[in-house]
Structure formats: structure tokens, C-alpha cells
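# please find the sequence and the predicted model below.
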Amino acid sequence: MAEHVEAHEHGHEEHHPRLQHHFQDMRTQQHAARLGMWLFLATEILLFGGLFCAYSYYRTLFPEAWKECSKHLNRPFGLLETFDLITSSFTMVLAIHFTRIGNRKLSVLMLLATATMGFGFLGLHGYEYYHEWLEGALPGKYYHFEEVTATGAPMFYAVYFLMTGLHSAHVFIGGVVLLVLTYLTAKGNYDASYDHPLDLGGLYWHLVDLIWIFLFPLLYLV
Amino acid sequence: MSSPSPSPTTTPAVPVEPKNYLNCETGVRSWLLTRDHKRIGLMFLACVTAALFLGGLFAMLIRIELLTPDETIMSAQTYNRMFTLHGVVMIFLFMIPAIPSGFGNFVLPMMIGAEDVAFPRLNLASWYIYLAGAAFALWGMVHGGADTGWTFYTPYSTTTFTKVVPILLGAFIIGFSSIATGINFIVTVHTMRGPGLTWNKLPLFVWSIYATSIIQVLATPILGITVLLTAIEHAFGFGIFDPAHGGDPVLFQHMFWFYSHPAVYIMVLPAMAVMSEIVPTFARKNIFGYKAIAYSSVGIALVGFFAWGHHLFTSGQSTFNAGVFGVISMIVGVFTAIKVFNWVGTLYKGRIRFSTPFAYFCGFIYLLVFGGMTGVALATVSLDVHWQDTYFVIAHFHFIMVGATLMAFLAALHYWFPKMFGRTYSEGWGLVAASLIILGFNATFIPQFLLGNAGMPRRYWSYPAEFQALNVASTAGASLLAFGFLTILVYLTIALFYGEKVGRNPWGSRGYEWNSPSPPPKHNFDSPQVFDHPPHDYDSEGHEPEMQTEVHGGTEVHGDDGAKR
Amino acid sequence: MNELMRNMLFLPVQASTMSTHIDYLHYFVIITTMVVSTLIGGAALGFYVKYRWKGRIGAKGEPVYTTFLGEALIIGVPAFFFLLWFAIGYRDFVRLQSPPPNAQDVYVMGKQWMWKFSYPDGGPSGTNVLRVPANRPIRLLMTSRDVIHSFFVPAFRTKQDVLPGRYTQSWFEATKPGRYPVYCTEMCGTGHSTMRAEVVVMEPQEFDKWYAEEKSHSRAKQRDGRKTNIEDRDPHATMIEMGRQLAESAGCFKCHSTDGSPHIGPTWLDMYMRKETLQGGQVQVADEAYITESMMEPKLKQVQGYQLVMPSYRGRLEGPESAAIVEYIKSLRSDGTEPVRDKGPQFDIKNGQVVEPGTGSTEVRTGGMQ
Amino acid sequence: MAHNDHAHTHSARPYILTFMWLCFCTVLTYTLAHKDLGAWSFAIAMAIAAAKGLSVILFFMHLYDQPGPSRLTLAIAFFFVLLVITLTLTDVHTRFPLSLPPGSFRSGNVVPPIQ
């Protein structure tokens, strides 16, 4: 991620100050950057794909445990977190939109809102983790949650913690990237003619949202 | 130029020491912070060569231990670590990055007329990530190693007390290097092709590396999550793969082989890439069935993903799944067969020139045919039941992966050596080493096929006495192989400093990369490239393939070149 | 021909009904491979000799183009052979995977680093030696106690991974009396290469005689063995053993199994603290109170899915006696440990030190059960 | 294709519509989860999630106006996730029937002891 952002900061060519010497023009450069980002996102999807595979595997083996444990997750919290991430995705596209129409102030504001919601999500999820820790609903051998004793319940929590944990790690990285982007936008690095890093950061943030869109019903609702 | 060249590249200026990518900047800093794909390629080559010798050392120790049925030089525990480290080093540190990250980095941008890859910084980062991963893995090896086999099957890998976690994390980190290189090449091929270079004009090397990159990008993340989960499991006991906590080891096998089967093609496709360049050059003829070879590369890349289940035939898989995975494995075999026929077809009515790279091609085609056919035999489900996890499998995958990949690595090294350094090596020694290696390889692994037939399981430190004769034969072959490698190391090192200087295109190849001087300048070409002829084009009217410094075979020199000017 | 090929390929003797089928396919594949490899190698060599570069200036090859027929052959011929082999091999694989219905069962347990064999219905059991009759199909039901192993008999051409937490099956019908080696083919630790066993194929009559003898011996031996086993690892052993004997005399085992298999009544294995759904839908945790209550008043809280056939034991069992049966039920754990004992530190048999639960060697995690 | 070309005519309208659609879907799936729809509940929840995901990809991530390779990349990634899940599940479904020991077990699927 940071690589991509960085890779496009320094250029030296007569056409556009941001054009790197080995690209024909800005269009090709943006196309390359975006394609690279999409490929990176594909690897992220497959990284989570492994966990989705584990999820479906153990769900097939322990359907009862899945039913019971999923009821014990905090559904309203999950709903709140979903709204949080959807809204942050929305503010992210608005930030790019405002950069493109030349309103830097609003853009910075939107980026800050996005980052805040990102870290807010982490806070909400941290509270959930804390609650589960108190209950003893922990993965594998640490499991001592009295209320659910179905076969495979520890496995549900293992899958739950691994999936949400990996996702939260992504939210954290995304949040840090957003803060850097906010700083650079405020400095005036991006405008209507050059917003590639913002664009790529946005793609990454939407991916984080996209994965949560699937995690929420899989873990909390069904 | 005595014959009209299609691409006006050479400039008549004769500097005493022309500036090239090697001498344009000097100092350690200029290498460590370089963004030049050629230098990064060379740095990768240096690292993978070191890994090759490290892995080879482990292999020799294994073979020496197996000289006698019981303890020869090491205990069972040490032996288990040896074969694990041999596998880990050879696969993750040598074979996966060797040709794509090393030679691919060097020649791919030149083949498409680009100044550099799309993301030069990412490219350098890929090298550093590789180093970091290697450092992690080596740290783990020094502090206890692992004794699980490179497949890390759970629950053994999650309960053993050896240093599995750092080695798994090393593999995880190296995976990112692989992904970074893959992304870089895909984007480069999509966006940086020179004017007039359409998809159907891409050299076959580019096609194969492109297919390899697809696999790297799509498969490596799954390995990443798998080894990460295994490391978490080993460290914290979440139970995700461990039946003692409710998990199922079969899931691990599925996730592991979903990466590791396509990984075989990450190793073999680049080998095919190199050979598709070498065959037309030395047969002096356009490649037979360009489209078949190009598209079958991508076909292998995609269909190869469907076949992973054949590693689980004996794990209690149902007949239904065995059927599905078996048929798909056979289809992958057909793609490879197409390529073999096309290469051999290229020789037909050619003007074949025998030289070191071509010698390796001969070794390659033989090993690929034999390794491929035994692969098909292994995909035949009922036969696999007998061979699974025996030395037959070992011999098979060494034939196909090492035999083919190593042959291609050495062929590529000898083929592009003049381009990389502007010097050449002693052809006589090249042929001697090639024969040593090909002979040694067969002597090592043909006995192992027979051992597998006889039923000797893999990863055995001690074995029943009746297997000894074949094991001794195998060890003898391995020493021949080791001797061959040392020979190459010596004469190539000498050639690096004292080798005869050569011109732009010593092989008279029609590959686009040979249009650049040897060694190439920093931005690859002295003038922009125009791609007005198809790749591997040896027969268009008026396109007489120019023969430059003819250093091999004692024949006369035709055409002019940098060295003679 | 068969013998010649077998010796040339270093294959072991063919000692099962399936091994000859598999070997014939092996010969077919290998011969075809050899012929094709020779043809390809010969073609390459021939082309080299005929078309080698003779140092002529500017030499280049003549273009050769593919025809539709050529391409069809290049794709079709290998595909035909590959699929033919696959079809034959798949038929054999299905046979290998489908034990005949009359096969005799043998349970196989792999552990680091030995094989344990036991016959059902209280027959003999053995370590590293599996005795089977010739000319009768034998089905192996296999599982592992610790890590993955693989049960490989080269002479029978059978191999089956042995997974912890799962059963797998394999079968063979030996044809020749003799002794055949068994190897473990899945990396399982330091002793992997010494985890070998032997299949001893006996004449059927000889086997029957041996089996009957061993069976009468092993009954007594086993009971003693089990008793000491329990005493070794449980301070409540006497009470549990008393409970077992009481349950036997009271006829509990007519309806309740202790190994998890379904029966007329709910299984006792893992019954303690299990959540049972009662008729009417509410959930009841099977604690001491509930189990005792069910002995006395079975119809009060009846588990869903079972008929009420159990008589009341009120008055037929004394207080301490019902407590002993409850203790016995509590001791029946599939993971070999009692839930309460999971929480404290345990003694690691292997390394001789106290460890936290769940860590350390597998000996601890399975509680030393076999 | 590049956004620079139509920067002037850039409108936030599609984003607002997408956002509202996402909120609607979230509420819908949350409400439906509290009703017992039997076997359908999983399919419906996944269908809604797919609809949400698709709108994020198409409009927030602008895939609708991206060139082919990007779309192909994403499609293949999703296809491969489905592939690994499907073939793994067919295996676990068709394994030897005794693959999980019979009877009711409390923790994990540790097999009962043999003799």
C-alpha cells in the first residue's frame, strides 16, 4: 500500500511534475497504479478467502455451534459497526470528490471523518473483544464460556477472532494510511489533475468495508 | 551492419569504456538503493545462487546420511531438520524467485522495450522483503530448525518443539516478495509494452512469466494465511488445525495445496519460458506453434489451480473428489505435452547449433518428458496409492521441478550471461559441466524411482537393508551433481572478470532484448524500440538474422559488433 | 512377463488381490512412457543430426507451420492416453476404496511411533504385528492418537493416511501367507522411520485357531489392564470401578452405551455436563442432580428422541451406589479427561514436569488415554 | 477513463444514492435475521451482502468505468475464493461416513478410544 503511495510522489519530467520517467503519460501511469492496486486488492481478497474457507469448513462440521454462538455475539453492536464502516466509505468517496472539484478544506474534513470512523470501529470492536474475554468466549483451548457448550463452540470463536482480528488489523493500517493522506492533502499535494495516492487509499479503504459487509452477516446474523 | 537490421539500435560512437548499467554508478549504496530492474535482477540472482548452494549442502548431507541403513553421520532429529531445511531453502528461497525475480527482472522489461518495470520502488522493496524473509527463516534454522518437512502438515507442525514459527513467518514474508514481483510484472506487461508490441507479438518468455505472475498473485495469499494460521496455532493453540482442540488437519492440507500445487507451476512455467527463448535461437528458426505455447502457459496457470486435490488421494478423500481432481490433473498434463511437441517440432528443419544453453535444453526436454509422464502416472489414482509419499514422488518432483527448473536456470545463466556482463565463458567447460550435471542428476534420481517402486517411504532416516544398494547409487549420483555445480561456480566466476568480451548479440538471436548493447545502458536501449517484426522471427524475407561475434564452435565471424569495432 | 517386469521395476511381491491389477496398469503406463520418451528423444536427436548448423553464413531454418490435423493429434493423442490410464486407475481406486460387505474389521490406532491393532468383540489386540487370514477380506478402521500417520503395505499396494480426530478405512485381501512390512509414510516425528509394523498373513484355519485362543486370554488380561489403568490416573478409581460394576449388575448397559454409539438410551460418554434437549423443548444440563434424578424418576425430565423404557431405580439403589454410578458416568470422557481436571496444572508424563493444561506433549492433552 | 477528463462534471449524486442503498440493505438484512426463514435465511443474507458488496465495488470503487483487466482481476479473485471453498466442502461432505465419530461429544471431535 504505502509503496504505491510513495512510488508516485517523486517524478521528473516535463509533461507533468508527477510523471515518472518510464511511463509514456499520466494516463498510463494512473492506469498502471490502479491495476497494481486492483491486483493487490485481489491478493487481499484471497488472503481473507482462506479464512472464509475455514469458516465454511467448520460451519459444515458444527452447524449447531455456529447457530448458538452467533446468537451470543452482540448484534446491535455489529449493526453499529456496519453503519460506521459504510459511512466511512461514503466520506472517503466524498473526500476524493471534493479534491477533484477543488475543495481542499472539505476534502481534508472528510478524510479526517473517515479516519475517525475507522479508529471508532476499532474501539467498538475492542469493546466487543473485552466483553468476550470477560465471558470466556475465547478460541481453542482458552474457551470457558459456560452458556454455550455445543460441540465446536471453541472453533467458532477461533474463526471469529481470526477473521475479525485480521480485518481489524486492516482497518488499523487503513486508518494510518488515511491520516498520512489527510496530512498530504492538507499540505496541498493533491488537486484535480493528480490524486492517485488518494484514489488508491480510497480503494483500499473500500476493500476493508467490502470485507466487513460479508463478515457481518456471516458471523452475526446467520 | 552488413545486413539491414529491423531495429536501428546501434550507434556508431565508440567510447573506450561505454557507460552501462554496471558502471554508471559505483559504490555499495548505488546497488542497495538502486531502482534499476537489471541491478535488482542481479541482486536476486546472487541471493538465489547462495540459496541454491545452501540447499545443495543440505541435500548432500541428506544423501551422505542415507549411505547406510542406520545412523551414518547424524541423528534422526538432525536428519529431519536437514530435509525440512533443504525443502524450505530450495523452494522458498531458490526456486520460486530464481527465474521470475532474477532473470525475469533482468530481461522482461527489455523484451517489451520498456525502460523499467512499472513500479521500480516496489521492485526494490520486493528484494528487501525477500531478504527479510530469508533472514527470519535462517534465524529459525540456526536456532533449532524445523523437523516437519517443508509441507508443515498439522498437527505435527503445531506440536513439535522445533523452531517452526520463525520459518513459517519467513515463508509468509517471502510470499509478499513473490506477490510484489508478480503484481509488478503483470502491470508492466499490461501498460509498458513498446509501440507496436501487441499481445500476439510478445516473446514467449514474457507470456510464461506473465502466467507465472498470475499464479503468484492469486495463490500466494492463500499460502500466507495458511502459514500464518499454522504459526498462530503453534504459538497460541487456537485449535484451527489441531484435532485436540476441535480442528481438522484435512483443512490445512486443502489450504496448503491450493497454494503449493500451483506453486509447482510457479517453478516450471518460468523454466518453459527460458526454453521457449533458447530453442528458436539455437534452431535458428521461428518457434513451432507460437500461439499454442503462449496460450497453454496461461491455460496451465488457470487449470493448475483446480488440481490440488491429487495430493490428498490417500488422505481419506472420497472417490468422487479423487475423480474430479484426477481428471483435472490429466488435463494439465495435456498442456505440457503440447509444449513438448512444439519444442521438438521447432527443431525440425532448423539449423541447430549446439552450445551450452542448448545442452541444457536437451537435458530439460528429457527430464520434463520423463518427469511429466511420471506425473501423469501419479495422477492415475490407483497407482498413486502405492507411490504416495514414497521415493517415487521424490524422484518425480525433482525431475519436474529441479530437473526442469534447474536446467532452465543454468540455461538462462549461460544464455544471458553475455548480455548481462558483456563477457563470455569457456564453452568447453560449459559443456563439461552440463554433461556432469545431466548425468549426475539422472544417476541421483533414477534409483529413487526404483526405491519408490520398492516401497521406501520418503523422509526415512533409517531404512530396511535391502534398499541400501539403490541409496548408494543415488548418493554417488548426487556427488557428481555437486561436482558439476562447483565447476560452474568456478568457471563463471572466472568469466565474470576475465571472460572474452562479446558484442551485442553473440548468439545471433532475434529476441528483442539483444537489440541493446551488452551490457545494456542504464535505460536499456540507446534509442526507442520499434516492434515491426513478430517474436522469434527467423524467416521473414529480408530479415537475415545477423550473426555477431561468433565465439563458439570456432566458426567465422559475420557482421559487425561492439567488440570488433 | 509379470515377474520379469516386476523385478525390473523393483516392485515388491504381489500379495493381495488388488496388487496384480495395479501392477498391470503400472506396466502399461511405464511401457508407454518409455516408448514415447524414446520416440521424442530419438526425434530430437535425429533432427539434430540432420539439421545441425554447419557453420554456413546467415544460416536459418525453414519455416514449418502447423496444420489443423497436426494440432489435433498433438492434443488428442496424449489426452486419449492420459484419460485411458485415468479411467482404468479410477476403476481400481474405487475398488480399493470399497471394502466388500463381508470384510472382517480390524481397528488400527497409530501413535508416535507404533501401530496398535485390535479386533472388535473383545478379540485380541497387538502392537506392531497384525495377524490376518489369507483369502478373506479385511477392513481396517484407522485413527490416530496424536499426529497424522499413514499405513502403507507395499506388498498389498495399499496406503491410507491415519488422521487424528477422524476415522479412515482401507481394505485388502491377502493371497499368500507370509510376513509383509508396514511403513508409516507420513512424517510424524523423530521416530518416523522406525514406525514400522508387520502384517502376518496366516492360513485361514491357523488364524481361526490363534484367534480363538487369544480371545479367551485377552478378555481377562484386558479387564485387569483397564482396572490398573484407571487406578493409575484417577484418585476416584475405586468408586468409578464400583460404579461400573453396579451399572453392569443393574443392567444399565442394556440401553446405554459408553462409547458414544447410539443405543436405546442416551450414551453415557460425555453425558456429564452435556446439554440435553428435553421433550417439550427446554434444555437441561446433565449435572449430578439431574443424572441422579433421572435414575430415580426417569419420566420426570425425559430426553427428546428416546422412548420411555427405563424403570425407576428408587429403592433399588442405595445413595452411595447411585453416587458411584454418577462418578462412573463422569469419568466417561471422549477426551479422556474430566472437565474439572482440565483447569488445573497437570503432570507431563513425557518430560516429567508440571505443565499448564493444553500445553506440552499430546500425552497430556489426551489424558494418557489410548 | 481517467477521472481527470471529466473532473468538471463530477457529481456526488451517485455516491449519495449508493450510500442510501447500502443503509437500506443493512437494515433489511438485520431485520430479516431476527425472523426465522429456515434454510433460506443464509441464502438471503448472502444475497443481500453480495448486492451491497457489488454496489461498493461498482460505484465507490468505480469499477464500472475501469478498463477490462481490473474487472477481470477482481472476478478471478472472487472465483478462486469460491473455488477453494466449493472443492474443499465437496471433500468434507463426501468423505468416508465414519469421518466424525458417532454420538454426542462436548468438546471437539476427539475420537473414542479403541479398546
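Received it, and whenever you're ready, just let me know what you need.
# where does the chain have low pLDDT?
In the absence of a named chain, chain A is used. A:1-15 (pLDDT under 70).
# switch to chain D, please.
D:1-10, D:96-115.
# quick check: domain ranges of it?
D:1-61, D:67-93 (automatic domain parsing).
# same list, those domains, but as JSON lines with mean neighbour count please.
The C-beta positions use only the backbone N, C-alpha and C, and glycine is treated the same way. Shown next, in JSON lines, are the domains of chain D (neighbours: other C-beta atoms under 10 Å in any protein chain shown):
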{"stretch": "domain D:1-61", "mean neighbour count": "16"}
{"stretch": "domain D:67-93", "mean neighbour count": "17"}
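# which one of the ones you listed lies closest to chain B?
Minimum separation from chain B across the domains of chain D (C-beta to the nearest C-beta) falls at domain D:67-93, 4.5 Å.
# any part of the closest one near chain C?
No - Domain D:67-93 stays clear of chain C (C-beta under 8 Å from any C-beta of the partner chain), getting no nearer than 10.3 Å.
# chain center to that domain: distance?
11 Å (C-alpha atoms, centre = their mean, to the nearest Å).
# quick one: what helix or strand has the residue most central in space within chain D in it?
Nearest to the mean C-alpha position of chain D, by C-alpha atoms, centre = their mean, lies D:Ala50 at 5.1 Å. D:Ala50 belongs to helix D:40-55 when elements are defined using DSSP states H and E.
# after the longest helix along chain B, next one along is what?
Counting residues, the longest helix in chain B under DSSP state H turns out to be helix B:249-283. Later in the chain than helix B:249-283, the nearest helix or strand by DSSP H and E is helix B:290-303.
# please point out which parts of that following helix sit buried.
B:290, B:292-294, B:296-303 (16 or more other C-beta atoms under 10 Å in any protein chain shown).
# now do stretch B:115-122, average pLDDT.
Computed over stretch B:115-122, the mean pLDDT rounds to 92.
# let me fix that: stretch C:306-325
For stretch C:306-325, the mean pLDDT works out to 73.
# that stretch and chain D in contact?
No - using C-beta under 8 Å from any C-beta, stretch C:306-325 never reaches chain D; the gap is at least 12.4 Å.
# stretch C:185-198 now?
No - Stretch C:185-198 stays clear of chain D (C-beta under 8 Å from any C-beta), getting no nearer than 15.5 Å.
# the helices in chain C, which residues?
So, for chain C - with DSSP H - the helices run C:2-8, C:17-51, C:68-97, C:204-233, C:237-250, C:288-296, C:319-331, C:362-365.
# residues of chain A that sit close to chain C?
Residues of chain A lying near chain C (C-beta under 8 Å from any C-beta): A:140-141, A:144, A:149-150.
# and of those, the nearest to B:Leu436?
A:Gly140 (52.4 Å; C-beta to C-beta).
# ok, the closest residue to that closest one other than its chain neighbours - contacts?
The shortest distance from A:Gly140 to any residue other than its chain neighbours is 3.3 Å, reached at B:Gly239 (C-beta to C-beta, 6 or more residues apart in numbering or on different chains). By C-beta atoms under 8 Å, 6 or more residues apart in numbering or on different chains, the contact list for B:Gly239 reads A:139-141, A:154-155, A:158, B:233, B:245-247, D:108.
# give me the distance between B:Gly239 and D:Asp91.
Distance of B:Gly239 to D:Asp91, given as C-beta to C-beta, to the nearest Å: 20 Å.
# residues near B:Gly499, how many?
20 (other C-beta atoms under 10 Å in any protein chain shown).
# now do the contacts for it.
So B:Gly499 contacts B:421, B:423-426 (C-beta under 8 Å, 6+ apart).
# among the residues you listed, which two are most distant?
B:Phe421 and B:Ser426 (14.2 Å).
# quick one, which of the two is more surrounded?
A count of neighbours by other C-beta under 10 Å puts B:Phe421 above the other of B:Phe421 and B:Ser426, at 21 against 18.
# quick check: the more buried one vs B:Lys38, distance?
From B:Phe421 to B:Lys38 the distance is 11 Å (C-beta to C-beta).
# most proximal residue of the stretch 451-565 of chain B with respect to chain C?
Closest point on the stretch 451-565 of chain B to chain C, by C-beta to the nearest C-beta, is B:Gly455, at 2.9 Å.
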